[in-house]
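> Generate a structure from the sequence data that follows.
(2 chains)
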2 protein chains.
Amino acid sequence: MDVTILAEAVKSGDRRALARAITLVESAREDHRAQARALVAEVARAGRQALRIGLSGTPGVGKSTFIESFGCFLTAQGLRVAVLAVDPSSARSGGSILGDKTRMERLSRDPMAFIRPSPSQTHLGGVARRTREAVALCEAAGYDVVLIETVGVGQSETMVAEMCDLFLLLLAPAGGDELQGVKRGIMEMADLILVNKADGDLKPAAMRTQADYAGALRLLRRRPQDPEGFPKALTVSALEENGLAQAWEEMQTLTAWRRAHGHWDSRRAAQARHWFEEEVRQGLLARLTREPMRGVLHSLGAQVAEGRRTPDEAAAELLGQLGA
Amino acid sequence: MDVTILAEAVKSGDRRALARAITLVESAREDHRAQARALVAEVARAGRQALRIGLSGTPGVGKSTFIESFGCFLTAQGLRVAVLAVDPSSARSGGSILGDKTRMERLSRDPMAFIRPSPSQTHLGGVARRTREAVALCEAAGYDVVLIETVGVGQSETMVAEMCDLFLLLLAPAGGDELQGVKRGIMEMADLILVNKADGDLKPAAMRTQADYAGALRLLRRRPQDPEGFPKALTVSALEENGLAQAWEEMQTLTAWRRAHGHWDSRRAAQARHWFEEEVRQGLLARLTREPMRGVLHSLGAQVAEGRRTPDEAAAELLGQLGA
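Coordinates of the predicted model:
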């Protein structure tokens, strides 16, 4: 595969080229990996940046409906929107928004939108790299907004927050008691909390929930990357398409402030460094899964299991052999 | 320090030597580490094994009282008992059972018992190594039972379970609703669930809670390392010293079965191998914090942060330099 030609096609906005490029970065094959790395480096020279929005919410809060409505709202403003999904859970095969894509009927037919189902899962490190690289490809392809959906489980939210400019938490209306249901760590990552389903019978509950979270957010310490009044809690109705304009306005206000105060750039820089260091760590540990280290690990491990050496003696010997 | 002399003193059952040896394995100094490794390897040749019992339970369930009562029960049977604590939480300085030691008044004066407060905390990897090595020292010193207490937070329970022969979960009496309060992962690690405070007004609630957990345990899949009927849920009263004999009998039944069926040895072997591999991983990653890698990581990281290289390009270069 000629990486330069593919890179040019991606940068020209060719959707099929973008899809092919993402397939390349998803591949676990060694030769594909080298090509993928070259491809991402090549398109990065374009220097295009999209607004990267992470979206989290447990199943049932209406994430697909929100992405459909919000995505169509954005394309109606003349913005190009890419949607990616992160689903590292091993229990679900085939990816989380494959099925959702049929539920995002309008958005998936919209020529201004690009929806990419999550690939069959691999380890979280692999998911993170694939998603970061897919984001970079979408940016190079000229998308203005990249929405990254994550299911609210495990480490995937932290991972997505580490590659986004904005992090949205989508919630369903609930009684005050359920405020506890959102982990504090997730609350602290959120830039906007959107209480969905503010329609019909649920509207009063949604408004109460919004008020509860607004109160809870005020109790958190102000973060340096936020202007006065942020993070905010808002109500939306993805179904009736209410509140989307206000939510978008808040996102723009927050983004403009962060850009003006240097937080956008410094956050992107810190994220890039974080992922570099993470790749180095993963790469170092990968040595243990390859020969000759794999064999040494195995035979020393057997001696340890038999009690002929202590774990720490054997580890010191192996690390000595590695020159570590 | 002469490691051989210290090892001999530990093996002779000298309590002060044991305390000094544990202080050595707790040290972060490079030269101490080498001595500690030699010491642990030296005493391991004695081949003595204690019954290692992990004990978990959230604050308020009566862990200190239980350790005091159960420890004294065991010493009254002629058994020598060592108590260690694991507390990796950074919020608490000085260790968790320093204060508890004064509450374990009887046990701490018992010549058959040895209580070691947890050291001022370090990272979880360091805590794990220190605890493993302290356990090995206590075994070499001739203790029959080593109780390892952990607070029910974070990864510390998993870590303790990975170094124990038996894992006990201590609970307080509660309404049926609170069954949810115990994380499924913890339930699955437990060999015995002990509902404490089965005394006075709380006795009926303790019995209900015990019945609830007994029911819940029956819903879990039988583990290969368990005979019929295990894991079990029992009631105890640490305060009135009721139920301790039965709990101990169940522990002995379970242990005897595991010994007879090879699970004891295979578990110890798997644990040793696990800790060996963990030490290797930590040791490998530690290279990144030392020169020359630290400097390379820093300068490449700066280039990544400035957008002059992608995270993956830079990581590939650094790993190439490491020969990884």
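
> since we're on residue A:47, how many residues are nearby?
Counted with other CB atoms under 10 Å in any protein chain shown, the burial measure for residue A:47 works out to 9 neighbours. The way it works is simple: take the backbone N, C-alpha and C, and place the C-beta from them, glycine included.

> Can you report phi and psi for residue A:13?
The main-chain torsion angles of residue A:13 are listed as degrees, to the nearest 10 and equal phi 90, psi 10.

> Can you get me a residue count around it?
Each residue near residue A:13 was counted by other CB under 10 Å, and the total is 14.

> Correct me if wrong: it contacts residue A:138.
No - with contacts defined as CB atoms under 8 Å, residue A:13 does not count as touching residue A:138, sitting 10.7 Å away.

> Flag every residue of the stretch 51-200 of chain A that's near chain B.
A:129, A:132, A:133, A:136 (CB under 8 Å from any CB of the partner chain).

> How many residues are close by residue A:211?
14.

> Not counting its neighbours along the chain, what's nearest it?
The shortest distance from residue A:211 to any residue that is not its chain neighbour, by CB to CB, 6 or more residues apart in numbering or on different chains, is 7.9 Å, and that residue is residue A:233.

> Tell me which residues touch that neighbour, please.
For residue A:233, the contacting residues are A:192, A:193, A:194, A:195, A:210, A:211, A:213, A:214, A:217, by CB atoms under 8 Å, 6 or more residues apart in numbering or on different chains.

> can you do 10 Å?
When the contact criterion is CB atoms under 10 Å, 6 or more residues apart in numbering or on different chains, the partners of residue A:233 are A:169, A:171, A:190, A:192-195, A:209-218.

> So it: helix, strand or coil?
The three-state assignment at residue A:233 reads strand, by DSSP: H, G, I helix; E, B strand; the rest coil.

> And the pLDDT at it?
Each residue has a pLDDT score; the one for residue A:233 is 95.

> ok, now how distant is it from residue A:194?
Remark: distance between residue A:233 and residue A:194 (CB to CB, to the nearest Å) = 8 Å.

> What residues of stretch A:57-73 count as buried?
A:57, A:61-73 (16 or more other CB atoms under 10 Å in any protein chain shown).

> if we can go back for a sec, for residue A:233 and residue A:194, list the residues in contact with both.
Overlap between the contact sets of residue A:233 and residue A:194, as judged by CB under 10 Å, 6+ apart, is given by A:169, A:171, A:210, A:213.

> these two touch, right, the first one and residue A:56?
Yes - counting by CB atoms under 10 Å, a contact exists between residue A:169 and residue A:56, whose distance comes to 5.5 Å.

> so is the residue nearest the centre of chain A in a helix, a strand, or just coil?
With distances taken as CA atoms, centre = their mean, the residue of chain A nearest its centroid is residue A:160 (3.0 Å). Three-state assignment for residue A:160 (three-state DSSP): helix.

> distance of it from chain B?
16 Å (CB to the nearest CB, to the nearest Å).

> which helices and strands sit right next to the helix or strand harbouring residue A:32?
Using DSSP states H and E, residue A:32 sits in helix A:30-44. Using 3 or more CB pairs under 10 Å, 6 or more residues apart in numbering or on different chains; DSSP states H and E as the contact criterion, the elements in contact with helix A:30-44 are helix A:3-11, helix A:15-26, helix A:124-140, helix B:311-321.

> what's the offset of the second one from the middle of its chain?
Read it as helix A:15-26. Between the centre of helix A:15-26 and the centre of its chain there are 18 Å (CA atoms, centre = their mean, to the nearest Å).

> what angle separates it from helix A:124-140?
Interaxial angle of helix A:15-26 relative to helix A:124-140 (axes from the mean of the first three to the mean of the last three CA atoms, to 10 degrees): 160 degrees.

> Alpha carbons of helix A:15-26, as PDB, please.
As requested, the backbone C-alpha atoms of helix A:15-26 are provided in PDB (Å, rounded to 0.1, in the frame of the first residue of the first chain):
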ATOM      1  CA  ARG A  15     -14.700   9.000   2.700                       C
ATOM      2  CA  ARG A  16     -13.700   5.600   1.300                       C
ATOM      3  CA  ALA A  17     -10.100   6.400   1.800                       C
ATOM      4  CA  LEU A  18     -10.800   7.500   5.300                       C
ATOM      5  CA  ALA A  19     -12.600   4.200   6.000                       C
ATOM      6  CA  ARG A  20      -9.600   2.300   4.500                       C
ATOM      7  CA  ALA A  21      -7.200   4.300   6.600                       C
ATOM      8  CA  ILE A  22      -9.000   3.600   9.800                       C
ATOM      9  CA  THR A  23      -9.000  -0.100   8.900                       C
ATOM     10  CA  LEU A  24      -5.300   0.100   8.500                       C
ATOM     11  CA  VAL A  25      -4.800   1.700  12.000                       C
ATOM     12  CA  GLU A  26      -7.000  -1.000  13.400                       C
END
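
> Could I get the contacting residues of the closest residue to chain B within the stretch 51-200 of chain A?
Distances between the stretch 51-200 of chain A and chain B by CB to the nearest CB are smallest at residue A:129, namely 7.0 Å. For residue A:129, the set of contacting residues under the criterion of CB under 10 Å, 6+ apart consists of A:25-26, A:33, A:36-37, A:40, A:122, A:275, A:278-279, A:282, B:311-312, B:315.

> Just the mean pLDDT for the longest helix seen in chain A, thanks.
Among the segments of chain A that qualify as a helix by DSSP state H, the longest is helix A:263-286. Averaged across helix A:263-286, the pLDDT comes to 93.

> Quick one: name whatever helix or strand follows it.
With DSSP H and E setting the assignment, the helix or strand that follows helix A:263-286 is helix A:293-305.

> same question for that following helix, mean pLDDT?
Helix A:293-305 comes out at a mean pLDDT of 93.

> tell me which residues of it are tucked away?
A:293, A:296, A:297, A:300, A:301, A:303, A:304, A:305.

> same question, stretch A:235-242
Using 16+ other CB under 10 Å as the burial criterion, the residues of stretch A:235-242 that qualify are A:235, A:236, A:237, A:238, A:239, A:241, A:242.

> just stretch A:309-320 next, same as before
When neighbours are counted by 16+ other CB under 10 Å, the buried residues of stretch A:309-320 are found to be A:309, A:310, A:311, A:312, A:313, A:314, A:315, A:316, A:318, A:319.
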